[in-house]
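Peer 1: below are the sequence and a predicted model; questions follow.
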Amino acid sequence: MKEFKPHFYDLLLTDIYMPKMNGLELCEKELELDVNIRVCFMTAFVVNIRALREVYTNVSFGCFIEKPVSIKYLIDRLSSELD
């Protein structure tokens, strides 16, 4: 969070499960600073997106990438988010 610069980045790629702050909390905090940043979530776990939408109402779940993922797929998916 300390390194985040509003209106500098086009896309946030974050894992949902992280040690100190989960990716959803990170997303909420960064969206407070820059409402235009696009977000892609990654996870290796089964996630109930419907339940997450109820808790994280300000977060869009349009880009969701399940691990394992190939580099080609990751690049293609992120590129399509940026188009």
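Peer 2: Yep, it's here.
Peer 1: from now on I want contacts and neighbour counts done on CA atoms only, so please keep to that.
Peer 2: OK.
Peer 1: now for the protein, the helix or strand with the poorest mean pLDDT.
Peer 2: helix 49-55 (a mean of 89; mean pLDDT, DSSP states H and E).
Peer 1: what pairs with the helix or strand following it, and is each one parallel or antiparallel?
Peer 2: Along the chain past helix 49-55, the next helix or strand (assigned with DSSP states H and E) turns out to be strand 64-66. Using DSSP bridges, strand 64-66 pairs in its sheet with strand 38-43 (parallel).
Peer 1: now the residue of the chain most remote from its centre: how far from Ser79?
Peer 2: In the chain, counting by C-alpha atoms, centre = their mean, Lys72 sits farthest out from the average C-alpha position, at 18.5 Å. From Lys72 over to Ser79 the distance is 10 Å, taken as C-alpha to C-alpha, to the nearest Å.
Peer 1: output the below-cut-off pLDDT ranges for this protein.
Peer 2: The chain contains no residues with pLDDT under 70.
Peer 1: and with 80 instead?
Peer 2: 1 (pLDDT under 80).
Peer 1: rewinding a little: alpha carbons only: can I get the least confident helix or strand of the chain in CSV?
Peer 2: Coordinates of each C-alpha in helix 49-55 appear next as CSV, following Å, rounded to 0.1, in the frame of the first residue of the first chain:
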residue,chain,number,x,y,z
ILE,A,49,-17.9,-15.2,-5.7
ARG,A,50,-21.6,-14.6,-4.9
ALA,A,51,-20.8,-14.6,-1.1
LEU,A,52,-17.8,-12.3,-1.7
ARG,A,53,-20.0,-9.9,-3.6
GLU,A,54,-22.3,-9.6,-0.6
VAL,A,55,-19.4,-8.7,1.7
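Peer 1: centre of the chain to it, how far?
Peer 2: Here helix 49-55 is found 14 Å from its chain centre; the criterion is C-alpha atoms, centre = their mean, to the nearest Å.
Peer 1: for it, list every residue counted as buried.
Peer 2: Within helix 49-55, no residue counts as buried by 16 or more other C-alpha atoms under 10 Å.
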